[in-house]
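>>> Model the following, please.
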Amino acid sequence: MWTSLHSGQAKRLVRRLASISAMAIGCSGTIGSADSPELPASSREHKELIPLLTKTVLSTPGFPESEQPAVAVVRSQRASGVAGDVKLLVPITVRYKRLSNRYCRLAVGTTTTGTDLQLVPVPVRAGYDRCTRIAPVFFLDINRDGEMDVVYGMTVKSNREDAWVVEAAVYLSDSSTSTGYCYSAVASEQVQAEDLKRSATVEAALRSALDRLGLSAFPCSN
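Predicted structure coming up:
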């Protein structure tokens, strides 16, 4: 049984977790780099996030409403934002005890607004309901705007054949959205399973695609 957090507690938790990392980054690295420190998946801080993430899933349209979700934090990372804001980026998996539905999503919280963690929306065709695993996860500045973007591999049930496959998901920083991030189908389609070995191979695939497609930056998907 999970314990609900009221709004004030939720805001303070997001601010505290992101601020902890901001202090660590100030001592050991640069905000927005792939080398920024992250909290280990087994940390107490991650366990504290579960009630908040569960509340977020329950209040987000598109998930089963009759069942209690079991949310797991895959990794968390802090990234720089505008005006000194620090964002908390949290890839998660969502499972259900009595349903076969399995989801993979990116949750985001910020230090300045202190809002509850929100899930970045994905288009219907990218909203796999049989996603069993997120791995690996990369944090890169894909569009070279000084903001950290997120790329991860998802093990999903294929829409084309009776098989499990690895698909890439790319989330880009986007200040025009409520979460500060958006899903990019165009960028996601450029990363193949074999590219998901190292951050360098992911970045190379995306840079090559930008040149091939004649784009200065990848667009968001509606």
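
>>> Name the residues of stretch 173-192 that are buried.
For stretch 173-192, a neighbour-count test (16 or more other CB atoms under 10 Å) marks 173-174, 179-188, 190-191 as buried. C-betas here are computed from N, CA, C, even on glycine.

>>> Stretch 151-160 now?
By neighbour count on 16+ other CB under 10 Å, the buried set for stretch 151-160 is 151-157.

>>> Other residues contacting that stretch?
Applying CB atoms under 8 Å, 6 or more residues apart in numbering, the contact partners of stretch 151-160 are 74, 91, 104, 106, 128, 130-140, 142, 163-171, 191, 193, 196, 202, 206.

>>> now that stretch, how far from the centre of its chain.
Centroid displacement of stretch 151-160 relative to its chain, using CA atoms, centre = their mean, to the nearest Å, is 15 Å.

>>> 8 is where my numbering starts, stick with that
With 8 as the first residue, the last one maps to stretch 158-167.

>>> Residue 77 falls within a strand, correct?
Yes - counting by DSSP: H, G, I helix; E, B strand; the rest coil, residue 77 is part of a strand.

>>> Tell me how far it lies from residue 104.
Between residue 77 and residue 104 the computed distance is 7 Å (CB to CB, to the nearest Å).

>>> quick one, which of those two is more surrounded?
When neighbours are counted by other CB atoms under 10 Å, residue 77 and residue 104 differ, and residue 77 comes out ahead with 14 against 8.

>>> which residues in this structure form strands?
Secondary structure of the chain (DSSP state E): strands at 76-80, 84-87, 93-103, 109-117, 125-126, 138-147, 156-164, 171-180, 188-190.
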